[in-house]
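Asker: With the input below, show me the fold.
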Amino acid sequence: MSEDNAKSMTIIVTKGTLDWAYPPFILATTAAAMGIDTTMFFTFYGLALLKKDLNLKINPLGNAAMEMPMMGMHMGMPNILAAMPGATALTTNMMKNMIKKKGVASIEELRDLALEADVKMIACQMTMDLFEYKKEDMIDGPVLGGAASWVDVATRSDINLYI
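Answerer: Numbers count the residues shown, from 1 in each chain. Below is the predicted model:
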């Protein structure tokens, strides 16, 4: 690692949908592979990404940037259609099929890679209490902590990201 490279990074993970799960795990695993000491802090809806059983969805409603490749072009879903019953299931299945077809790692695989690469994961205790999650609902590896746990690491980090 050159001296120009950062040596530590933290990521606050606040979103728990399929589309928002990829950026923090890809960035964390990439940074760890580059020798950067990486810590992820999972809070609010992002905490759900640490559950043993993931059932991630993607919602097209209000997501104007969401275009799916179909029939040789990219098509967005108008909000009127996105609000209809079944739209979330449809777009979730389309995205999961596209991920599988293109050979993109699943969130479970990326999460395992992050743990294997010694990415530190902090599960927000306040959010655990707020959403009534139990420790046994969560994967092994993350530690429980609060905002002060993240702040302690962040004040010594070269890069701090909020996703």
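
Asker: Check the gap between the most centrally placed residue in the chain and Ser8 for me.
Answerer: A centroid search over the chain (Cα atoms, centre = their mean) returns Ala21, at 2.5 Å, as the residue closest to the centre. Computed as Cβ to Cβ, to the nearest Å, the Ala21 to Ser8 distance reads 23 Å. In short, each C-beta sits where N, CA and C put it, glycine included.

Asker: What strand or helix carries the residue nearest to the centre of the chain?
Answerer: Element membership of Ala21 [criterion: DSSP states H and E] is helix 18-33.

Asker: helices and strands of the protein: which one bottoms out on pLDDT?
Answerer: Scoring the helices and strands of the chain by mean pLDDT, DSSP states H and E places helix 79-82 at the bottom, with a mean of 67.

Asker: right, and the helix or strand after that helix?
Answerer: Following helix 79-82 in sequence, per DSSP H and E, is helix 87-101.

Asker: Return the set of buried residues in that following helix.
Answerer: Within helix 87-101, the residues that qualify as buried by neighbour count (16 or more other Cβ atoms under 10 Å) are 87-88, 90-92, 94-95.

Asker: Next: stretch 25-42.
Answerer: Result for stretch 25-42 [16+ other Cβ under 10 Å]: buried residues 25, 27-29, 31-32, 36-42.

Asker: and the angle for the helix holding Ala21 with helix 87-101?
Answerer: Angle between the axes of helix 18-33 and helix 87-101 is 30 degrees (criterion: axes from the mean of the first three to the mean of the last three Cα atoms, to 10 degrees).

Asker: And for helix 18-33, what's in contact with it?
Answerer: For helix 18-33, the external contacting residues (Cβ atoms under 8 Å, 6 or more residues apart in numbering) are 9, 11, 13, 15, 38, 40, 46, 49, 56-58, 63, 66, 92, 95-96, 107, 110-111, 113-114, 117-119, 159, 161, 163.

Asker: Please flag which of the residues you listed sit within helices.
Answerer: When DSSP state H is applied, these are split such that 92, 95-96, 107, 110-111, 113-114 fall in helices.

Asker: closest to Tyr133 among those?
Answerer: Arg111 (16.1 Å; Cβ to Cβ).

Asker: And the closest residue to the closest one other than its chain neighbours, how close does it get to Gly72?
Answerer: Leaving aside its sequence neighbours, Arg111 sits nearest to Phe25 (Cβ to Cβ, 6 or more residues apart in numbering; 6.2 Å). Using Cβ to Cβ, Phe25 is found at 31 Å from Gly72.
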